[in-house]
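Participant: Starting from these lines, generate the structure:
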Amino acid sequence: MTGGKWRRRFAGQRLDGLSDEPRPGAPRKVSDEQVEAVIVKTLGEQPRQATH
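Facilitator: Have a look, this model is predicted:
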């Protein structure tokens, strides 16, 4: 079912149809900048006596 949905969106809107649509529910509480900071910290530091 999901594959058909994406194919229809692509057929009707081309690449613009493949972008995420707004989702129901509460707005995000974490910004893109906060997500980036966590990723950078995770990839740049290794906890003592631990692995990633």
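
Participant: Only C-alpha atoms from now on, for both contacts and neighbour counts.
Facilitator: Fine.

Participant: element containing residue 41?
Facilitator: Using DSSP states H and E, residue 41 sits in helix 32-44.

Participant: State the mean pLDDT of that helix.
Facilitator: The pLDDT scores in helix 32-44 average 92.

Participant: Buried by neighbour count: which residues of that helix qualify?
Facilitator: By 16 or more other Cα atoms under 10 Å, helix 32-44 has no buried positions at all.

Participant: Which neighbouring elements make contact with it?
Facilitator: Other helices and strands packing on helix 32-44, by 3 or more Cα pairs under 8 Å, 6 or more residues apart in numbering; DSSP states H and E, are absent; none qualifies.

Participant: starting at the chain centroid, how far to it?
Facilitator: Distance of helix 32-44 from the chain centroid (Cα atoms, centre = their mean, to the nearest Å) equals 14 Å.

Participant: Make 56 the starting number, not 1.
Facilitator: With 56 as the first residue, the last one maps to helix 87-99.

Participant: Kindly format the C-alpha coordinates of it as CSV.
Facilitator: The C-alpha coordinates for helix 87-99 follow below in CSV (Å, rounded to 0.1, in the frame of the first residue of the first chain):
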residue,chain,number,x,y,z
ASP,A,87,17.2,20.7,13.6
GLU,A,88,20.1,22.5,15.3
GLN,A,89,19.6,20.4,18.5
VAL,A,90,19.6,17.2,16.4
GLU,A,91,22.7,18.3,14.6
ALA,A,92,24.5,19.1,17.9
VAL,A,93,23.7,15.6,19.3
ILE,A,94,25.0,13.9,16.1
VAL,A,95,28.2,16.0,16.1
LYS,A,96,28.8,15.2,19.8
THR,A,97,28.1,11.5,19.3
LEU,A,98,30.4,11.2,16.3
GLY,A,99,33.2,13.4,17.8
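
Participant: isn't residue 61 right next to residue 75, touching?
Facilitator: No: in this structure residue 61 lies outside contact range of residue 75 using Cα atoms under 8 Å: 10.6 Å.

Participant: quick one, which of those two is more surrounded?
Facilitator: Between residue 61 and residue 75, counted using other Cα atoms under 10 Å, the more crowded position is residue 61 (14 against 7).

Participant: What strand or helix carries the more buried one?
Facilitator: Per DSSP H and E: residue 61 is located in helix 57-68.
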